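Novice: Mind looking at a prediction? Sequence and model below.
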Amino acid sequence: MGFREQSVAANESDPSNPPSELLELRDEIDALDQDLLRLLSQRGALIQRVARVKRTHRVPIRDRTREQEILRDRRARCDELGLSPGTVESLYRVLLTASRERQADLGAGVPDSLESRSVAIIGGRGGMGGMFRGLFESVGQEVLVADRETRLRPVEAAARAQVVVVSVPIDCTTEVIREIGPSCREDGLLCDLTSIKAEPVRAMLQHAPGDVIGTHPMFGPSVNTLQEQRIVLVPARLAPGSGWRDWLEGCLHARGLRVLESTAEEHDRSMGIVQVLTHLSTQALGLAMARLGVPISETLRFASPVYLVGLLMTARHFGQDPGLYGAIHRSNPEQPRVAEAMVSSLRDWLQAVEHRDQSRFDQLFAEAARFFGPFSDEALRESAHLIDRVVERG
């Protein structure tokens, strides 16, 4: 221990033996926190009543005008109360999201016109399959689950249900569609939950007789809320008057999801950036850190907020299934073009640095900056909020 560290340590009190005055103040804070928890419970009871009223009178769960009024009002009260407007706004955004999720749980968003259907989820014991099982059940649908360990086999489930949802790993999605497709009802709906769309959609069109809608939830099963999460729909075949698209969108909207429509080709092209390019950069960063061998604990001592955000996302990536990420790279038709753009861009940056060519570095920087344009200003604002939340959690 150096002299400065010794001096600081000598002047610090033992945290395991705090002064009595501090203990008294902590007791007061604990008492106030109990009051806060009781108030939150009372607020939750009111939310349940709000959900019943909205369900009865067909009022949408989310009222953006009302939310903005709440945020403006609560911020305006901060000065007189000696509170930070930014902190209070962050707190109320969490409360508003939780309120919408609770109202959705209570069925406030389920339209009267939403008919109950039988839904078979092939792979319903997996993470995403289980999430969608809960989603459909929460909006009044009858759900059948077929998986490797279930007595109900996939072909049997497909024959019994009006709607079939395939939620299996990417590498076996097409194989499962081939197996269960012919058993699907001619007046039914077949969907998948796969992060690529062209190949699964072709397989569903080829092997199933009924309506086909490809889907891609832009989130994983570990999300804390479905509110405002995006899901992409690829309507590939819809019989006139079948009503399946309206039914599916009704289920998704009732749970607070944001529905986007796309073609399979447009989707896969965008996923080349959203998934493949992002994963490539994360994987390269993680592998480089591993090979450099500097312990994470050491870098955390010097972590800037931006580094901490990047480190969390990188470590999160490597805490998940490599099979999923490998399948995404292998299956996306945009992968070769994206990988080449990544490699050539890195080569250009390295050459500018190696030759100490600041002019070339500036040119490359400007090229990228022009592409992002005004979005950079928005990114500065939004990332500041994100960084604050990460830093305050330690």
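Specialist: Received the coordinates, thanks.

Novice: For the biggest helix by length in the chain, name the packing helices and strands.
Specialist: In the chain, with assignment by DSSP state H, the single longest helix is helix 20-57. The helices and strands touching helix 20-57, judged by 3 or more C-beta pairs under 8 Å, 6 or more residues apart in numbering; DSSP states H and E, are helix 85-105. Using the backbone N, CA and C atoms, a C-beta is placed for each residue, glycine as well.

Novice: Could you give the separation between the terminal residues of stretch 51-67?
Specialist: By C-alpha to C-alpha, to the nearest Å, the extent of stretch 51-67 from end to end equals 16 Å.

Novice: tell me which element the residue nearest to residue 53 when sequence neighbours are not counted falls in.
Specialist: Spatial nearest neighbour of residue 53, chain neighbours left out: residue 59 (7.1 Å); criterion: C-beta to C-beta, 6 or more residues apart in numbering. Residue 59 is part of no helix or strand, with elements assigned from DSSP states H and E.

Novice: my guess is residue 59 contacts residue 50, does it?
Specialist: No. Using C-beta atoms under 8 Å, residue 59 makes no contact with residue 50, being 9.0 Å away.

Novice: Please say which of these two ends up with more neighbours.
Specialist: Using other C-beta atoms under 10 Å as the criterion, residue 59 and residue 50 rank with residue 50 on top: 17 against 13.

Novice: who's in contact with the more buried one?
Specialist: By C-beta atoms under 8 Å, 6 or more residues apart in numbering, the contact set of residue 50 is 99, 103, 108.

Novice: go again using 10 Å as the cut-off
Specialist: By C-beta atoms under 10 Å, 6 or more residues apart in numbering, residue 50 lies in contact with 59, 61, 99, 102-103, 106, 108.

Novice: about what we covered before: could you tell me which residues touch both of residue 59 and residue 50?
Specialist: residue 108.

Novice: Confirm that residue 128 sits in a helix.
Specialist: Yes. Under DSSP: H, G, I helix; E, B strand; the rest coil, residue 128 falls within a helix.

Novice: Hmm, residue 303 is touching residue 387, no?
Specialist: No. Applying C-beta atoms under 10 Å, one finds residue 303 not in contact with residue 387, separated by 11.4 Å.

Novice: intersection of neighbour lists for these two?
Specialist: What both residue 303 and residue 387 touch, as defined by C-beta under 10 Å, 6+ apart, is the set residue 309.

Novice: Show the residue spans covered by the strands in the stretch 101-250 of the chain.
Specialist: Taking DSSP state E, counting those that start in this stretch to define them, one finds strands in the stretch 101-250 of the chain at 118-122, 142-146, 163-166, 189-193, 211-217, 230-237.

Novice: Out of the ones you listed, which is closest to residue 356?
Specialist: Among those, strand 230-237 comes nearest to residue 356, with 43.6 Å by C-beta to C-beta.

Novice: Show me the strands paired with the closest one, marking each as parallel or antiparallel.
Specialist: strand 211-217 (antiparallel), strand 258-261 (parallel) (DSSP bridges).

Novice: Include distance to residue 28, mean pLDDT and mean neighbour count when you put these into TSV, please.
Specialist: Putting those into TSV (distance: least, C-beta to C-beta, whole Å; pLDDT from 0 to 100; neighbours: other C-beta atoms under 10 Å) gives the following:
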stretch	distance to residue 28	mean pLDDT	mean neighbour count
strand 211-217	46	98	25
strand 258-261	43	96	13
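
Novice: can you redo these as TSV with distance to residue 231?
Specialist: Below are the strands paired with strand 230-237 laid out as TSV (distance: least, C-beta to C-beta, whole Å):
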stretch	distance to residue 231
strand 211-217	5
strand 258-261	6
